[in-house]
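# turn this into a model:
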Amino acid sequence: MSYIFNISVIIVIVVLLFLSKHLKIFLDNNIDKHKKFAGKKNSYFIGGLIIFIFLFYDSILKNDFFIFLFYFSIFLIGFLSDLKFLNSPAKRLLIQIITFITFVAILDIKILETKLSLIDELLTDNTFNYFFVVFCLLVLINGSNFVDGINTLLLFYIIIILLMLLINFSDLISDINSIKNLTYVLSIIILFNLFGIIILGDSGSYILSLYLGLHLIEFSNTNILISPYFVVLLLWYPCFELLFSMIRRQIKNKESYNPDTQHLHQLIYKIITTTNNFKTNFNHFFTSFIILFYNLISFIIGFKFHNDTITLVYIIMINVSVYIISYNFLKSKLNK
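Down below sits the predicted model:
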């Protein structure tokens, strides 16, 4: 069965790529400022479609109709954005909020514990819990979309998280076959993403981060010996990227949801491109490597203390501090 699945994934990718090239569809020739600098031009945004096809297959196996509808709705929002039919960030956010509220309530998705007594007490109220889950998922999918500004960065980041779970907690994961299969799918996609042939697009970053968020919520809820802050540690980077970007834009009296080229990965990319003559794809990979290497060390240390909330909070605080210091240093260097 696994052999057939592996071959099928490759066939799906090749067919979609063939159709995209010959029919001139799913072509991302967008030259918006926030994409142009990173060389995102003439790539095919079929990464999300490939992941959606996998999740459709996965949902059929598990007979999870409403989960499939949830994935489909979020994928559709991103896909319409990729096709330039939903360009307004404010409209996308509004539709996301409505979609999340609807499906979080239908599927009864809850976060059981945060280790903060006041919030945990509020979480006993279903309405508050639902809105808290909606907020967390919104931060995650939009933060992941921000991070997906450099080829391979988001894909490698999520693959690292999935491998961490598979290697260290395989006996604690209820949906292990799904995670194994998705890791394989992402590993194939990243080979094309590395060279800018296939990109995730908004549809890919949305649906992929939603899958990760839902599985990590379940993982945290069903394993009480693992601190919820281990999950926070795994997701800190895209979430903080979003929150920091919103604060940064508010300080400069800019719209919080409008794109720019001032994210941490973009600053690192600019520094790299001004100090060498390497090709764009290498600069993408080098940028990703710097961020991923730091996070991998953070994850490995976090794993050693996965049940120690205090230590995990310290690690998260260190990560946030390193981010802010690095950001200000790079910003000052580029402004010289």
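
# pLDDT below threshold where in the stretch 51-200 of the chain?
Scanning the stretch 51-200 of the chain for pLDDT under 70 picks out no residues.

# so which residues of the stretch 101-250 of the chain form helices?
Using DSSP state H, counting those that start in this stretch, the helices of the stretch 101-250 of the chain run over residues 117-122, 126-147, 153-168, 176-193, 201-222, 228-251.

# who wins for proximity to F54 among those helices?
Nearest to F54 among the helices of the stretch 101-250 of the chain is helix 176-193; the distance by CB to CB comes to 5.1 Å. Any C-beta I mention is one placed from the backbone N, CA and C, and that applies to glycine too.

# just the buried residues of that closest one, please?
For helix 176-193, burial by neighbour count (16 or more other CB atoms under 10 Å) applies to 178-183, 185-186, 188-190, 192-193.

# what of stretch 50-64?
Within stretch 50-64, the residues scored as buried using 16+ other CB under 10 Å are 50-55, 57-59.

# how about residues contacting it?
Outside stretch 50-64, the residues within contact range by CB atoms under 8 Å, 6 or more residues apart in numbering are 9, 12-13, 16, 65, 67-68, 71-72, 75, 178, 181-182, 185-186, 189, 198, 200, 203-204, 207-208, 211.

# for the residue minimising distance to the centre of the chain, what are its contacts?
Centroid-nearest residue in the chain, with CA atoms, centre = their mean: S144, separated by 3.5 Å. Contacts for S144 (CB under 8 Å, 6+ apart) come out as 154, 205-206, 208-209, 238.

# I'd say N221 and T114 touch.
No: counting by CB atoms under 8 Å, T114 is not a contact partner of N221; they are 11.5 Å apart.

# for the host helix or strand of I300, packing partners?
Applying DSSP states H and E as the criterion places I300 in helix 280-304. Packing partners of helix 280-304 (3 or more CB pairs under 8 Å, 6 or more residues apart in numbering; DSSP states H and E): helix 153-168, helix 228-251, helix 264-275, helix 309-335.

# may I see those helices organised as CSV, with distance to A90 and mean neighbour count added?
Formatted as CSV, the helices and strands packed on helix 280-304 follow (distance: least, CB to CB, whole Å; neighbours: other CB atoms under 10 Å):
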stretch, distance to A90, mean neighbour count
helix 153-168, 23, 19
helix 228-251, 13, 19
helix 264-275, 22, 18
helix 309-335, 26, 14
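
# JSON lines please, covering those and showing distance to F128.
Output for the helices and strands packed on helix 280-304, formatted as JSON lines (distance: least, CB to CB, whole Å):
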{"stretch": "helix 153-168", "distance to F128": "28"}
{"stretch": "helix 228-251", "distance to F128": "17"}
{"stretch": "helix 264-275", "distance to F128": "32"}
{"stretch": "helix 309-335", "distance to F128": "22"}
